[in-house]
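**Student:** how would this look folded up:
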Amino acid sequence: MEKIKIHVLHTGTAIVDEALPFHHNNDRPLAWTGLFRSKKHQISLPVSVYLIEHPKGLILIDTGWNSINRYHQLRNLQFQYPVNKAVLPQGQAVDEQLAAMGIKPSDLDYVLMSHLHCDHADGLSLVKDAKKILVSEEEWTAANHDHLRYLPHEWKNVAVETFHLSPSLDGAYHRSFDLFGDGSIKMIWEPGHSAGLCATRVKSYSSDQYVMLAADAGYAAKSWKEDLTPGVVVNRQQAQKSLDYVGKVAKDPQCIECLANHDPLVKPHTIVL
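**Tutor:** Just a heads-up that it's a prediction; the model follows:
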(Lines give C-alpha, C1' and ligand atoms only; values in the text may rest on other atoms or scores of the structure.)
Protein backbone atom coordinates (compact mmCIF):
# COMPACT_ATOMS: atom_id res chain seq x y z
CA MET A 1 0.00 0.00 0.00
CA GLU A 2 1.24 3.49 -0.80
CA LYS A 3 2.60 5.69 1.94
CA ILE A 4 0.74 8.65 3.42
CA LYS A 5 2.63 11.94 3.64
CA ILE A 6 1.68 14.76 6.01
CA HIS A 7 3.24 18.14 5.29
CA VAL A 8 3.18 20.46 8.31
CA LEU A 9 3.03 24.04 6.99
CA HIS A 10 3.02 27.36 8.84
CA THR A 11 0.86 30.11 7.38
CA GLY A 12 2.38 32.96 9.33
CA THR A 13 1.88 33.63 13.02
CA ALA A 14 -0.70 35.01 15.44
CA ILE A 15 0.13 37.62 18.08
CA VAL A 16 -1.98 36.95 21.17
CA ASP A 17 -1.98 37.36 24.92
CA GLU A 18 -0.48 34.29 26.57
CA ALA A 19 -3.76 33.71 28.42
CA LEU A 20 -5.53 32.99 25.12
CA PRO A 21 -3.73 29.69 24.42
CA PHE A 22 -2.85 28.80 28.01
CA HIS A 23 -5.52 29.26 30.67
CA HIS A 24 -4.57 29.33 34.35
CA ASN A 25 -7.20 29.20 37.06
CA ASN A 26 -5.93 32.46 38.58
CA ASP A 27 -6.29 34.38 35.30
CA ARG A 28 -8.61 37.30 35.70
CA PRO A 29 -11.77 37.32 33.55
CA LEU A 30 -11.08 38.20 29.90
CA ALA A 31 -7.31 38.08 30.42
CA TRP A 32 -7.14 36.24 27.07
CA THR A 33 -8.24 39.41 25.27
CA GLY A 34 -5.04 41.18 26.31
CA LEU A 35 -7.04 44.28 27.17
CA PHE A 36 -5.54 46.34 30.00
CA ARG A 37 -2.57 43.98 30.13
CA SER A 38 1.07 44.74 29.47
CA LYS A 39 2.57 43.80 26.12
CA LYS A 40 4.99 41.62 28.04
CA HIS A 41 2.17 39.05 28.05
CA GLN A 42 1.99 38.94 24.23
CA ILE A 43 3.44 35.94 22.42
CA SER A 44 3.78 34.84 18.81
CA LEU A 45 2.36 31.47 17.80
CA PRO A 46 2.55 29.68 14.44
CA VAL A 47 -0.67 29.10 12.49
CA SER A 48 -0.37 25.59 11.07
CA VAL A 49 -2.16 23.85 8.24
CA TYR A 50 -1.55 20.30 7.06
CA LEU A 51 -1.38 18.95 3.53
CA ILE A 52 -1.94 15.19 3.37
CA GLU A 53 -0.88 13.21 0.32
CA HIS A 54 -3.10 10.15 0.62
CA PRO A 55 -3.53 7.26 -1.85
CA LYS A 56 -7.22 8.21 -2.10
CA GLY A 57 -6.85 11.95 -2.49
CA LEU A 58 -5.12 15.19 -1.66
CA ILE A 59 -6.38 16.64 1.63
CA LEU A 60 -5.83 20.02 3.29
CA ILE A 61 -6.57 20.44 7.00
CA ASP A 62 -7.45 24.09 7.78
CA THR A 63 -6.49 27.15 5.75
CA GLY A 64 -4.63 29.61 8.00
CA TRP A 65 -4.44 33.35 7.44
CA ASN A 66 -5.65 35.09 4.30
CA SER A 67 -3.19 37.27 2.37
CA ILE A 68 -5.65 40.19 2.69
CA ASN A 69 -4.22 40.66 6.20
CA ARG A 70 -1.08 42.14 4.66
CA TYR A 71 -3.06 45.18 3.53
CA HIS A 72 -6.47 45.34 5.23
CA GLN A 73 -6.14 43.43 8.48
CA LEU A 74 -8.42 45.63 10.55
CA ARG A 75 -11.16 45.44 7.92
CA ASN A 76 -10.75 41.68 7.62
CA LEU A 77 -10.43 40.66 11.28
CA GLN A 78 -12.76 43.42 12.49
CA PHE A 79 -13.48 43.33 16.24
CA GLN A 80 -11.19 40.29 16.66
CA TYR A 81 -8.13 42.24 15.53
CA PRO A 82 -7.12 43.54 18.99
CA VAL A 83 -7.16 39.97 20.34
CA ASN A 84 -5.68 37.96 17.48
CA LYS A 85 -3.31 39.82 15.14
CA ALA A 86 -2.08 38.16 11.96
CA VAL A 87 1.48 38.20 10.64
CA LEU A 88 1.73 36.66 7.17
CA PRO A 89 5.01 37.07 5.26
CA GLN A 90 5.02 36.85 1.47
CA GLY A 91 4.93 33.26 0.27
CA GLN A 92 3.34 31.84 3.42
CA ALA A 93 -0.38 32.03 2.56
CA VAL A 94 -1.78 28.57 1.95
CA ASP A 95 -2.32 29.06 -1.79
CA GLU A 96 1.22 30.41 -2.17
CA GLN A 97 2.70 27.40 -0.39
CA LEU A 98 0.60 25.00 -2.48
CA ALA A 99 1.72 26.76 -5.66
CA ALA A 100 5.35 26.35 -4.60
CA MET A 101 4.64 22.60 -4.40
CA GLY A 102 3.05 22.60 -7.86
CA ILE A 103 -0.49 22.24 -6.48
CA LYS A 104 -3.54 24.30 -7.49
CA PRO A 105 -6.51 24.66 -5.12
CA SER A 106 -8.60 22.75 -7.69
CA ASP A 107 -6.22 19.79 -7.21
CA LEU A 108 -7.37 19.42 -3.61
CA ASP A 109 -9.89 16.61 -3.21
CA TYR A 110 -10.87 17.72 0.30
CA VAL A 111 -10.41 20.66 2.62
CA LEU A 112 -11.30 19.46 6.12
CA MET A 113 -11.84 22.15 8.73
CA SER A 114 -10.99 21.42 12.35
CA HIS A 115 -13.20 24.40 13.24
CA LEU A 116 -14.01 27.84 11.90
CA HIS A 117 -12.24 30.32 14.15
CA CYS A 118 -10.58 33.07 12.15
CA ASP A 119 -7.00 31.77 12.21
CA HIS A 120 -8.21 28.46 10.77
CA ALA A 121 -10.90 29.61 8.33
CA ASP A 122 -9.50 32.92 7.10
CA GLY A 123 -7.88 31.34 4.06
CA LEU A 124 -11.01 29.53 2.84
CA SER A 125 -11.45 31.87 -0.12
CA LEU A 126 -7.90 31.05 -1.22
CA VAL A 127 -8.82 27.36 -1.70
CA LYS A 128 -12.50 27.70 -2.62
CA ASP A 129 -11.88 25.77 -5.87
CA ALA A 130 -11.17 22.57 -3.93
CA LYS A 131 -13.48 19.70 -4.88
CA LYS A 132 -15.05 19.49 -1.40
CA ILE A 133 -14.79 21.68 1.70
CA LEU A 134 -16.15 20.02 4.84
CA VAL A 135 -16.74 20.95 8.48
CA SER A 136 -18.73 19.26 11.24
CA GLU A 137 -22.45 19.94 11.46
CA GLU A 138 -22.00 21.18 15.03
CA GLU A 139 -19.35 23.71 14.04
CA TRP A 140 -21.29 24.98 11.02
CA THR A 141 -24.36 25.59 13.16
CA ALA A 142 -22.36 27.41 15.83
CA ALA A 143 -20.38 29.49 13.34
CA ASN A 144 -23.48 30.80 11.60
CA HIS A 145 -25.22 31.82 14.83
CA ASP A 146 -22.37 33.02 17.08
CA HIS A 147 -21.06 36.27 15.65
CA LEU A 148 -18.80 36.98 18.62
CA ARG A 149 -16.45 34.05 18.02
CA TYR A 150 -16.70 33.78 14.22
CA LEU A 151 -16.36 35.94 11.11
CA PRO A 152 -18.86 34.57 8.55
CA HIS A 153 -17.47 36.71 5.74
CA GLU A 154 -14.51 34.32 5.70
CA TRP A 155 -16.63 31.67 3.97
CA LYS A 156 -18.84 33.98 1.91
CA ASN A 157 -19.21 32.54 -1.61
CA VAL A 158 -17.38 29.38 -0.51
CA ALA A 159 -19.22 26.07 -0.99
CA VAL A 160 -18.86 24.69 2.53
CA GLU A 161 -20.56 21.34 3.21
CA THR A 162 -20.95 19.50 6.50
CA PHE A 163 -20.06 16.05 7.74
CA HIS A 164 -21.96 14.03 10.32
CA LEU A 165 -20.22 12.76 13.46
CA SER A 166 -21.31 9.16 14.02
CA PRO A 167 -21.06 7.09 17.21
CA SER A 168 -17.66 5.39 17.41
CA LEU A 169 -14.95 4.32 19.82
CA ASP A 170 -12.91 7.42 19.01
CA GLY A 171 -12.08 10.35 21.22
CA ALA A 172 -13.32 11.58 24.55
CA TYR A 173 -16.88 11.80 23.26
CA HIS A 174 -16.99 8.69 21.06
CA ARG A 175 -18.07 10.40 17.86
CA SER A 176 -16.12 10.72 14.62
CA PHE A 177 -16.31 11.04 10.85
CA ASP A 178 -14.41 8.48 8.77
CA LEU A 179 -13.54 10.23 5.51
CA PHE A 180 -12.80 7.17 3.38
CA GLY A 181 -14.54 4.53 5.49
CA ASP A 182 -11.27 2.69 6.12
CA GLY A 183 -10.02 4.36 9.30
CA SER A 184 -7.11 6.11 7.63
CA ILE A 185 -8.48 9.65 8.05
CA LYS A 186 -10.84 10.34 10.93
CA MET A 187 -12.21 13.62 12.22
CA ILE A 188 -12.67 13.08 15.95
CA TRP A 189 -15.04 15.34 17.89
CA GLU A 190 -13.26 17.17 20.72
CA PRO A 191 -15.58 20.03 21.80
CA GLY A 192 -14.91 22.68 24.40
CA HIS A 193 -12.76 25.24 22.63
CA SER A 194 -15.54 25.39 20.06
CA ALA A 195 -18.79 23.48 19.68
CA GLY A 196 -17.68 21.41 16.71
CA LEU A 197 -13.90 21.23 17.07
CA CYS A 198 -12.43 18.08 15.52
CA ALA A 199 -8.97 16.63 15.77
CA THR A 200 -7.70 14.65 12.77
CA ARG A 201 -6.23 11.17 13.15
CA VAL A 202 -4.16 9.94 10.22
CA LYS A 203 -3.42 6.21 10.40
CA SER A 204 -0.92 4.16 8.44
CA TYR A 205 -2.14 1.39 6.13
CA SER A 206 0.93 -0.73 6.84
CA SER A 207 1.06 -0.59 10.65
CA ASP A 208 -0.80 0.59 13.75
CA GLN A 209 1.11 3.85 13.77
CA TYR A 210 -0.76 7.12 13.45
CA VAL A 211 -0.45 10.90 13.73
CA MET A 212 -2.86 13.02 15.75
CA LEU A 213 -3.46 16.57 14.54
CA ALA A 214 -5.02 17.93 17.72
CA ALA A 215 -6.12 21.33 16.32
CA ASP A 216 -6.90 23.62 19.29
CA ALA A 217 -7.88 20.99 21.85
CA GLY A 218 -4.52 22.17 23.18
CA TYR A 219 -2.53 25.00 21.66
CA ALA A 220 0.84 23.28 22.15
CA ALA A 221 2.33 20.14 23.68
CA LYS A 222 2.76 22.35 26.75
CA SER A 223 -1.04 22.35 27.02
CA TRP A 224 -1.42 18.65 27.80
CA LYS A 225 1.89 18.38 29.64
CA GLU A 226 0.96 21.20 32.03
CA ASP A 227 -2.84 20.68 31.90
CA LEU A 228 -3.64 24.07 30.35
CA THR A 229 -6.94 24.31 28.50
CA PRO A 230 -7.38 27.16 25.99
CA GLY A 231 -8.36 30.55 27.36
CA VAL A 232 -11.17 30.78 24.82
CA VAL A 233 -13.79 28.08 25.38
CA VAL A 234 -17.51 27.59 24.99
CA ASN A 235 -17.46 24.92 27.71
CA ARG A 236 -14.42 24.50 29.96
CA GLN A 237 -15.52 21.12 31.30
CA GLN A 238 -15.71 19.77 27.75
CA ALA A 239 -12.40 21.43 26.90
CA GLN A 240 -10.76 19.71 29.86
CA LYS A 241 -12.09 16.31 28.85
CA SER A 242 -10.90 16.83 25.28
CA LEU A 243 -7.45 17.94 26.49
CA ASP A 244 -7.19 14.90 28.77
CA TYR A 245 -7.89 12.66 25.79
CA VAL A 246 -5.23 14.33 23.64
CA GLY A 247 -2.73 14.04 26.48
CA LYS A 248 -3.42 10.31 26.66
CA VAL A 249 -2.99 9.95 22.90
CA ALA A 250 0.34 11.80 23.03
CA LYS A 251 1.69 9.07 25.33
CA ASP A 252 0.54 6.21 23.09
CA PRO A 253 3.61 4.43 21.63
CA GLN A 254 1.74 4.02 18.33
CA CYS A 255 1.25 7.80 18.04
CA ILE A 256 4.40 8.93 16.29
CA GLU A 257 3.49 12.63 16.54
CA CYS A 258 0.72 14.50 18.35
CA LEU A 259 0.65 18.04 17.00
CA ALA A 260 -1.19 21.10 18.26
CA ASN A 261 -1.96 23.75 15.70
CA HIS A 262 -0.08 26.60 17.37
CA ASP A 263 2.97 24.99 18.95
CA PRO A 264 6.05 27.26 18.67
CA LEU A 265 8.28 24.21 19.10
CA VAL A 266 6.87 22.52 15.97
CA LYS A 267 8.67 23.49 12.77
CA PRO A 268 7.47 22.82 9.21
CA HIS A 269 8.34 19.24 8.28
CA THR A 270 7.00 16.16 6.52
CA ILE A 271 5.81 12.96 8.23
CA VAL A 272 5.63 9.67 6.32
CA LEU A 273 3.30 6.89 7.49
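**Student:** Count residues in the vicinity of residue 218, would you?
**Tutor:** A total of 33 residues lie near residue 218 under the criterion other C-beta atoms under 10 Å. Yep, even glycine has a C-beta here, placed from its N, CA and C like the rest.
**Student:** before we move on, what about the one 3 residues further on?
**Tutor:** Residue 221 is flanked by 19 other residues according to other C-beta under 10 Å.
**Student:** just checking, it touches residue 258?
**Tutor:** Yes. Assessed by C-beta atoms under 8 Å, residue 221 is found in contact with residue 258 at 7.3 Å.
**Student:** Overlap of the contact sets of the two?
**Tutor:** residue 250 (C-beta atoms under 8 Å, 6 or more residues apart in numbering).
**Student:** Show me where this protein dips below the pLDDT cut-off.
**Tutor:** For the chain, the stretches with pLDDT under 70 are 1.
**Student:** ok, which stretches of it are helices?
**Tutor:** Taking DSSP state H, the helices of the chain run over residues 69-77, 94-100, 118-121, 137-143, 221-225, 236-250.
**Student:** closest one to residue 12 among the ones you listed?
**Tutor:** Among those, the nearest to residue 12 by C-beta to C-beta is helix 69-77 (7.9 Å).
**Student:** Now the closest one: buried residues?
**Tutor:** 69, 70, 73, 76, 77 (16 or more other C-beta atoms under 10 Å).
**Student:** now the spatially closest residue to the second one that is not a sequence neighbour: how far from residue 50?
**Tutor:** Right, residue 70. Counting by C-beta to C-beta, 6 or more residues apart in numbering, the nearest residue to residue 70 once its immediate chain neighbours are dropped is residue 88, at 5.9 Å. Here the criterion is C-beta to C-beta, to the nearest Å. By it, residue 88 lies 17 Å from residue 50.
**Student:** so what's the backbone phi/psi at the residue nearest to residue 70?
**Tutor:** Dihedral angles of residue 88 (phi, psi; degrees, to the nearest 10) stand at phi -130, psi 90.
**Student:** Pretty sure it sits against residue 71.
**Tutor:** No. Judged on C-beta under 8 Å, residue 88 makes no contact with residue 71 at a distance of 10.4 Å.
**Student:** from the buried residues of helix 69-77, which is closest to residue 208?
**Tutor:** The closest of the buried residues of helix 69-77, once distances to residue 208 are taken by C-beta to C-beta, is residue 69, at 40.7 Å.
**Student:** Which residue, neighbours along the chain excluded, lies closest to that closest one?
**Tutor:** Here the residue nearest residue 69, using C-beta to C-beta, 6+ apart, is residue 86, at 4.1 Å.
**Student:** What residues does that neighbour make contact with?
**Tutor:** 12, 13, 14, 15, 47, 65, 69, 73, 77, 119, 122.
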